[in-house]
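Trainee: Need coordinates for the below:
(one chain, ligands or ions: 1)
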Amino acid sequence: MHTGHESTTSGFKQKHLLDLHDITAENIITVLDTAVSFKNIFTRSIKKVPSLRGKTVCNLFFEPSTRTRISFELAAKRLSADVINFNAQTSSLSKGESLIDTAKTLLAMNADIIIMRHSSPGAAHFLAHRLPVHIVNAGDGSHAHPTQALLDIFTIREKLGYIEGLNILIVGDILHSRVARSNIQGLRKLGAHVSVCGPSTLIPAHIEQLGVTVFYDLDQALEQCDVINVLRIQLERQQQGLFPSLREYSLLFGLTAERLERAQKGNKKILVLHPGPMNRGIEISSEVADSAQSVITEQVTNGIAVRMAVLYLLCGQGTVPDTVE
Ligand code: CP
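Mentor: Sure, this is the predicted structure:
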């Protein structure tokens, strides 16, 4: 994460949000606490504050997205910003315009914040080094997805009250997952014990160096688990021979009600997260996804509050959100 340009609130001094590698635990807590204030306005009849009035937010998405793009748009609108939605398919990119020229064009239209999703790891860093505008990484290849991790952490803290000391298990394609990487970084900074589990072909070599425990057996991994974050299995990985069949994956690593039941002793209930989109019946059964211990739809709602907090802390001005009428 780059610094060098001050926002106006709470000692949060980040110009960009590119990943969770360099962010401090204090800044993560500031994002979470600010998001709590913004979530409070969701129950009001007018779900809007003027914190980004006069600012322009541009959604620059080069990859498909439902949750991230829509929630950033809604977050910016609830902060009273003007919003531009850039569609890569219908843009001049198809005429050969480069990423940097596309971004400079948006800058010439006075964009204050560019939110970018791109298939190339490092794409958000590339723009951040070249443009005098706030950049938020909305997912860059298999590298980072910081706002997804922040909303996951927000949801866990909201449900359980704390993060430090929790045993949090991330299951699935860890090798290609920007969500896993950002969650590991953020959760470890807040003192959680993080484990990962998946087929050996989908676990990166030397991942223990990130301070996580590795399991290859889901039932064993679930024994010590307070929270499980189930990742989408990327179906194209099967064509690459990284696991033999969806049926086998589902049998060994799918989260079913029976598996959860076996792992939960006494009153213990494991909190279930999934960043979406889900492959029901593969990495997670519908029974689990729709159960009382699943917080998957709450993650989506919380994503709006967390993204409001990020936009506000990077570029907002004036009073703290819960004093704004
Ligand atoms: N979790 C997530 O990033 O979802 P989208 O791809 O729909 O934005």
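Trainee: Give the rounded mean pLDDT of the lengthiest helix in the chain.
Mentor: Of all the segments assigned as helix in the chain under DSSP state H, the longest by residue count is helix 296-315. Helix 296-315 carries an average pLDDT of 97.
Trainee: Also stretch 116-128?
Mentor: 96.
Trainee: which parts of the stretch 101-250 of the chain sit against the ligand?
Mentor: 139, 148 (Cβ under 6 Å from any ligand atom). Bear in mind the C-beta positions are built from the backbone N, C-alpha and C, glycine included.
Trainee: Which strand or helix spans the residue in the stretch 101-250 of the chain that the ligand sits nearest to?
Mentor: Residue nearest to the ligand within the stretch 101-250 of the chain (Cβ to the nearest ligand atom): residue 148, separated by 5.2 Å. Assigned by DSSP states H and E, residue 148 belongs to helix 146-160.
Trainee: can you list the weak-confidence ranges in the protein?
Mentor: 1-10, 317-325 (pLDDT under 70).
Trainee: In it, what residue spans correspond to helices?
Mentor: Under DSSP H, the chain gives helices at 25-40, 67-78, 99-108, 123-130, 146-160, 178-189, 218-222, 236-239, 246-253, 257-263, 286-289, 296-315.
Trainee: now those helices in TSV, with mean neighbour count?
Mentor: TSV is the format used below for these (neighbours: other Cβ atoms under 10 Å):
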stretch	mean neighbour count
helix 25-40	19
helix 67-78	21
helix 99-108	15
helix 123-130	20
helix 146-160	24
helix 178-189	24
helix 218-222	18
helix 236-239	12
helix 246-253	16
helix 257-263	14
helix 286-289	17
helix 296-315	23
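Trainee: Would you reformat those as TSV and include distance to residue 273?
Mentor: Shown next, in TSV, are the helices of the chain (distance: least, Cβ to Cβ, whole Å):
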stretch	distance to residue 273
helix 25-40	15
helix 67-78	13
helix 99-108	32
helix 123-130	24
helix 146-160	6
helix 178-189	9
helix 218-222	14
helix 236-239	21
helix 246-253	16
helix 257-263	13
helix 286-289	11
helix 296-315	6
